[in-house]
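Enquirer: Pasting the sequence and the predicted model now:
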Amino acid sequence: MVDILRIASRNLWRYSRRTLLTTLLVSLGILAVLLFKGVAGSFKTLMVGQITDSMLGHLQVHRKGYVASIDNLPLNLNLRPPQVERIEAALKSLPAVEAWSARVKFGAMFSNFTETTNIRLVGVEPADEFRTVPLLPGRVSNGSSAGRLLAPGQLLVPELLARGMKVKVGDTVVLVATNKDGSVNGQTFLVAGILASATGPGGRDGYVHIRDARTLLRMAEPEVSEVAIRLRALGEVRPVQRALEATLGGQVNPQGQPAFEVHPWEALTPFATIVRMIDLLTLFMQVMLVAIVLISIMNVMVMAVFERVREIGTIAAIGTKPGRILGLFVAEGLLLGVLGTAVGTAISLGAIWGLNLLKLTYKFGQADNLVLAPTLAAGDVLFIGALAILAAVLASLQPALKASRMDPIQALHHV
Amino acid sequence: MSLVRAETLGKVYNTVGVPVPAIRDVSFAIEPGAFVAFVGPSGSGKTTLLNMIGTLDPPTSGKLWVVDTDVSTLGRRHAAEFRGRHLGFVFQDFNLIPVLTAAENIEYPLLMVQRRPAAERRERVHKMLEAVGIVELADKRPDQLSGGQKQRVAVARALVTNPQLVLADEPTANLDSATAHRVIELMRAMKDQFGTTFIFSTHDPRVMAEAEVTFRLTDGSLDQGPPAGSTRHG
Ligand SMILES: Nc1ncnc2c1ncn2[C@@H]1O[C@H](COP(=O)(O)OP(=O)(O)OP(=O)(O)O)[C@@H](O)[C@H]1O
Ligand SMILES: [Mg+2]
């Protein structure tokens, strides 16, 4: 094997200019894929982070049917305390769960005593909520420095609404809500902070304390509209979703249908499509890489076989078995692939390092000054390298087979 | 037993649709240690016959035994294995591998065909370099060698695996007559030193004269009766 590689490397050296060109082509393919993966991956991570960490969380549990009518904030589809207990019991048993927040979501009338408008509100236990969506505190601008962000009797007003209704921190406003039985209730609130908009559903909701929400809605028992869940790692979304579905799936309502529904963040925001687009583009780049490697290596290997027909005839005549001749040419393709991959990976790592030094920033929705910090996972680098090398071997297989099947006499007489 | 034995051996080419008989019913035998020349005009069938003995081209009729093996029915893979084990080849155009040095060219069959261990390869290559008298050229590439030097490397490559039989189709056709003479001398010396049987073809009368046994081919048939000065075995 070592000997085959040694002879193969000499042959590559014999046509050094061609070898260099092919290596360069493969390297460029590797560079394109790895750079794209690094940059798009960083963008994707930041974007997903913005979405999950400012309002959605990684997973949400609702009563069955809630998400289908989520835009109406249906109060009759809230979870009842025993159901909430079951969900919390399930969450406690899952080590991948970092935090969760039980929310009451509702619509209300917002009045500044001269004007009235509609507002969507989320009632939360502030400590739970801020642990579940850690970017939320950063969206709040209030006059005083951050102390307790949301005490009972206080309200966080979305910035567009605050501007339109001309309210500022310290103002008193009235919220009037209709509960599920149709009875109306009102309460005054102190504007404790203005909330910057976030991109995606729920990004323009106001926040109150969950106790106020329940009082306003005159709830007989502490109901919950949704439980938002934060996981320790994004990669845990699928397994935790499956685990929750398994434990909660057995719970049925009196009609014999499942009582709960579990949704990953992707199912709750249209921005998941962008993430899927990025993944699709990455896949497309990988297909392009394979195509580049296949075409360039097959091209040189076909030439190599053609130029060396008499040499192939000679070694076949003196008894080299077809399998070894095959190995000789596949080894050349393999070496070309390894060389190109090594050079391409080295350049890519250098480029990624350089990009990190530049600290480029970009904007996603309302969040700007997000620093582009491209990174490459070792697994990705290995995968792309393996892909290119595999393509190189595949590309040399056909010419190598042709060489190994040559008739020695005809090959020896080739001019 | 004879090293090579042919019985009513025939070869008909059918490449362009018309059958071309290249060898017609030849029978002969070659004994171990012989130094044999096949001679005859162009197109008489010398190359065809050597290719059949070398298991590169299967006969279309008759029987052919080489080194106790019926080679008329060997498959591609088995033929390659047979050549690698029992035969050596010297070509008209030397056919050295251009990326390898002289020593590496000689080593090639040990490495790629017979897969011998490194120590044995080194020893045998050195022995062959000495035997053909090119120790000082060991590290030269083929393009740095003269024709005669290249053919010496080729002879060493053919002999390095200790084959019973070396086949050389017009080994001197690309050499000037002085060099041709020296290469034939070398082959005969190798025959004496290693006991290897040599079969070569030529239409150079001066080279012919060096053979101990000569077969004359005309139009694919062996001429009856040995020419003067040579013995006919079988
Ligand atoms: N592959 C082939 N297809 C068809 N005919 C062939 C083939 N090879 C050889 N022949 C024919 O067989 C006959 C013998 O050819 P061969 O090459 O054996 O002669 P030769 O004695 O080696 O000639 P030369 O001295 O020119 O090398 C010729 O008539 C030749 O045209
Ligand atoms: Mg010939």
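Expert: Yes, it's here. Ligands and ions are numbered 1, 2, ... in the order given.

Enquirer: Would you check how far apart the residue of the stretch 201-350 of chain A found nearest ligand 1 and B:Leu74 are?
Expert: Proximity of the stretch 201-350 of chain A to ligand 1 (C-beta to the nearest ligand atom) peaks at A:Gly313, 13.5 Å away. All C-beta spots, glycine's among them, are computed from the backbone N, C-alpha and C. A:Gly313 is 18 Å from B:Leu74, where distance means C-beta to C-beta, to the nearest Å.

Enquirer: who's more crowded, those two?
Expert: A:Gly313 (22 against 18; other C-beta atoms under 10 Å in any protein chain shown).

Enquirer: Regarding the more buried one, what is its secondary structure?
Expert: At A:Gly313 the chain is in helix, as set by DSSP: H, G, I helix; E, B strand; the rest coil.

Enquirer: any idea of the pLDDT on it?
Expert: A:Gly313 carries a pLDDT score of 96 in this model.

Enquirer: Doesn't A:Val173 belong to a helix?
Expert: No. Going by three-state DSSP, the assignment for A:Val173 is strand, not a helix.

Enquirer: Look at it and say how many residues are nearby.
Expert: With other C-beta under 10 Å as criterion, A:Val173 counts 20.

Enquirer: go on, A:Pro152?
Expert: 12.

Enquirer: ok, which stretches of the stretch 1-150 of chain A are helices?
Expert: A:2-14, A:16-51, A:81-92, A:126-132, A:136-139 (DSSP state H, counting those that start in this stretch).

Enquirer: what does chain B give?
Expert: B:46-53, B:76-86, B:102-108, B:118-131, B:147-159, B:177-194, B:205-208 (DSSP state H).

Enquirer: Can the third one be said to contact chain A?
Expert: Yes. With C-beta under 8 Å from any C-beta of the partner chain as the threshold, helix B:102-108 lies in contact with chain A, specifically through B:Tyr108.

Enquirer: For the stretch 51-200 of chain A, give me the ranges with low pLDDT.
Expert: Residues of the stretch 51-200 of chain A meeting the criterion pLDDT under 70: A:142-148.

Enquirer: so which strand or helix has the nearest residue to A:Leu28 once chain neighbours are set aside?
Expert: Nearest in space to A:Leu28, with sequence neighbours left out and distances taken as C-beta to C-beta, 6 or more residues apart in numbering or on different chains, is A:Gly344 at 7.0 Å. Counting by DSSP states H and E, the element that carries A:Gly344 is helix A:322-358.

Enquirer: Quick check: buried residues in that helix?
Expert: Buried residues in helix A:322-358, counted by 16 or more other C-beta atoms under 10 Å in any protein chain shown: A:322, A:324-345, A:347-348, A:351-352, A:355-356.

Enquirer: how many other residues sit next to residue 1?
Expert: Here I'm looking at chain A. Neighbour tally, A:Met1, other C-beta under 10 Å: 7.

Enquirer: try again with chain B
Expert: Neighbours around B:Met1, by other C-beta under 10 Å: 9.

Enquirer: Now for it: which residues touch it?
Expert: B:Asp68 (C-beta atoms under 8 Å, 6 or more residues apart in numbering or on different chains).

Enquirer: ok, A:Leu155 to chain B distance?
Expert: 81 Å (C-beta to the nearest C-beta, to the nearest Å).

Enquirer: How about that residue, nearest residue that isn't a chain neighbour?
Expert: A:Phe189 (3.9 Å).

Enquirer: Of all the residues in the stretch 201-350 of chain A, which one is nearest chain B?
Expert: A:Gly319 (2.5 Å; C-beta to the nearest C-beta).

Enquirer: Leaving out chain neighbours, which residue sits closest to that residue?
Expert: B:Gly84 (2.5 Å).

Enquirer: That neighbour: neighbour count?
Expert: 21.

Enquirer: next one: A:Ser225
Expert: Neighbour number of A:Ser225 under other C-beta under 10 Å is 23.

Enquirer: what sits against residue 68?
Expert: This is for chain A. Neighbours of A:Ala68 in contact, by C-beta under 8 Å, 6+ apart: none.

Enquirer: um, chain B though
Expert: B:Met1.

Enquirer: can you do 6 Å?
Expert: Taking C-beta atoms under 6 Å, 6 or more residues apart in numbering or on different chains as the contact definition, B:Asp68 lies against nothing.

Enquirer: Could I get the phi/psi values of it?
Expert: phi 60, psi 20 (degrees, to the nearest 10).

Enquirer: Does at least one residue of the helix or strand bottoming out on mean pLDDT in chain B sit close to ligand 1?
Expert: For chain B, counting by mean pLDDT, DSSP states H and E, helix B:205-208 ranks last in confidence among helices and strands (a mean of 85). No. On the criterion C-beta under 6 Å from any ligand atom, helix B:205-208 is out of touch with ligand 1, staying 12.8 Å away.

Enquirer: With only the CA atoms kept, save that helix in CSV.
Expert: Output of helix B:205-208 as CSV, limited to C-alpha atoms (Å, rounded to 0.1, in the frame of the first residue of the first chain):
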residue,chain,number,x,y,z
PRO,B,205,21.3,-11.8,-39.4
ARG,B,206,24.2,-10.8,-37.1
VAL,B,207,22.0,-11.3,-34.0
MET,B,208,20.6,-14.5,-35.4
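
Enquirer: how about that helix: buried residues?
Expert: In helix B:205-208, residues buried by neighbour count (16+ other C-beta under 10 Å) are B:207-208.

Enquirer: chain center to it: distance?
Expert: Relative to its chain's centre, helix B:205-208 lies at 16 Å (C-alpha atoms, centre = their mean, to the nearest Å).

Enquirer: who's in contact with that helix?
Expert: B:37, B:39, B:172, B:180, B:184, B:202.

Enquirer: repeat that for 8 Å
Expert: By C-beta under 8 Å, 6+ apart, helix B:205-208 touches B:37, B:39, B:172, B:177, B:180-181, B:184, B:200, B:202, B:214.
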